[in-house]
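Novice: Below are the sequence and a predicted model; questions follow.
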Amino acid sequence: MSAEALTACLAISHAHARLSLLIENDLGAFHGLGFGDFVLLHRLGSAPAGRLAMPELASALGMSLSALTRAVIPLEKIGLVMRDTEKTHSQDQGRRDAVIHPAGQRLMQEATLTVGAICSTAMRAIEVDRLRDLQKTLSALHVQQARQR
């Protein structure tokens, strides 16, 4: 099975690279965002109250905490997100959160329309049921990877 697994992983990687490039080009041209910036804003914008603990956000994005901090700083400088110390939970004293600003939320919503259109075009040849199966398969791959750490 290792040859099939390698072929599948390479196909996933190649598809990701092509799709990322398509999305990156339009996000940059229309919204001034990179794909990584969009993914970060989308995750924050989808969180309750637009707020997530930095370690939780880093894990959700598949990056280290230091890489997340490096990604947040430029977005913070232009007023799209902020890092905040949440003081409402005594057990989480000093917990650092990333919080999306209203400007970041608006930009994320506008960019979501652009990314959604690209994804719809890219996936139009795949039947809806097969897309659902693909999502389940990719989720299982993620769960497997998380268990091995």
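Specialist: Received, thanks.

Novice: Show me the shaky parts of the protein.
Specialist: Applying pLDDT under 70 to the chain flags the ranges 1, 86-94, 142-149.

Novice: Spell out, range by range, the helices that occur in it.
Specialist: 2-31, 35-46, 54-61, 65-77, 102-123, 128-148 (DSSP state H).

Novice: buried set for the third one?
Specialist: When burial is assessed from 16 or more other CB atoms under 10 Å, helix 54-61 yields the following buried residues: 54, 57-58, 60-61. C-betas here are computed from N, CA, C, even on glycine.

Novice: Tell me the one of those nearest residue 137?
Specialist: Ranked by distance to residue 137 (CB to CB), those are led by residue 60 at 19.2 Å.

Novice: Nearest residue to the closest one in space, please, no chain neighbours.
Specialist: residue 43 (5.6 Å; CB to CB, 6 or more residues apart in numbering).

Novice: The residue positioned nearest the centre of the chain: what's it in contact with?
Specialist: What sits nearest the mean C-alpha location of the chain, by CA atoms, centre = their mean, is residue 39, with 3.0 Å. Applying CB atoms under 8 Å, 6 or more residues apart in numbering to residue 39 gives the contacts residue 61.

Novice: and it, how far is that from residue 130?
Specialist: 24 Å (CB to CB, to the nearest Å).

Novice: what's the answer for residue 7, then?
Specialist: 19 Å.

Novice: With residue 138 instead?
Specialist: 12 Å.

Novice: Isn't residue 44 up against residue 50?
Specialist: Yes: with contact defined as CB atoms under 8 Å, residue 44 counts as touching residue 50 (5.8 Å).

Novice: of these two, who's got more company?
Specialist: Higher neighbour count among residue 44 and residue 50: residue 44, with 26 against 19, using other CB atoms under 10 Å.

Novice: Could you report the separation of the closest residue to the more buried one other than its chain neighbours from residue 52?
Specialist: Spatially, and ignoring its direct neighbours in sequence, residue 44 is nearest to residue 100 (4.2 Å; CB to CB, 6+ apart). For residue 100, the distance to residue 52 equals 9 Å [CB to CB].

Novice: Now do the shared contacts for the two.
Specialist: residue 44.

Novice: of the two, who's got more company?
Specialist: Ranked by neighbour count (other CB under 10 Å), residue 100 and residue 52 place residue 100 first, with 26 against 21.
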